[in-house]
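A.B. asks: Using only what follows, build the 3D model:
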Amino acid sequence: MAPETATLIRDALALDADQRAVVANALLGSLEDASGTGEVDMAWRAEAARRLGEVRDGAVDLIDADEHYDRLRASFTA
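C.D. replies: Reported below is the predicted structural model:
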């Protein structure tokens, strides 16, 4: 480990819990961006928008959640 890294870790651990959480969140966020999860988020947003469009256009039949779960339970007991 580089001396600068050790110093950074020591200084970060000296922060109070709230400040450490902010730093940790920022560091984790930088790893997520580097690993391409931004692309994954964009893909999920596009999928959600597509599905919402289908609902608004009437292209899909919506089922009440309680009805869906009743059908699902019935299929397990059959």
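
A.B. asks: how's this protein carved up into domains?
C.D. replies: If you go by automatic domain parsing, the domain ranges for the chain are 1-35, 38-78.

A.B. asks: Next, the residue most central in space within the chain: secondary structure please.
C.D. replies: With distances taken as Cα atoms, centre = their mean, D41 lies nearest the centre of the chain, 7.5 Å away. Under DSSP: H, G, I helix; E, B strand; the rest coil, the three-state class of D41 is helix.

A.B. asks: can you check V60 too?
C.D. replies: Following three-state DSSP, the label given to V60 is coil.

A.B. asks: what about the closest residue to it other than its chain neighbours, how many residues close to it?
C.D. replies: Once flanking residues are discounted, V60 sits nearest to E54: 4.7 Å by Cβ to Cβ, 6 or more residues apart in numbering. In short, each C-beta sits where N, CA and C put it, glycine included. The local packing of E54 (other Cβ atoms under 10 Å) involves 11 other residues.

A.B. asks: possible to save the domains of the chain as TSV with mean pLDDT?
C.D. replies: Below are these laid out as TSV (pLDDT from 0 to 100):
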stretch	mean pLDDT
domain 1-35	87
domain 38-78	92
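
A.B. asks: where exactly do the helices run in this protein?
C.D. replies: Secondary structure of the chain (DSSP state H): helices at 3-13, 17-34, 37-57, 65-77.

A.B. asks: Just the endpoints, please. Distance across stretch 12-21?
C.D. replies: 10 Å (Cα to Cα, to the nearest Å).
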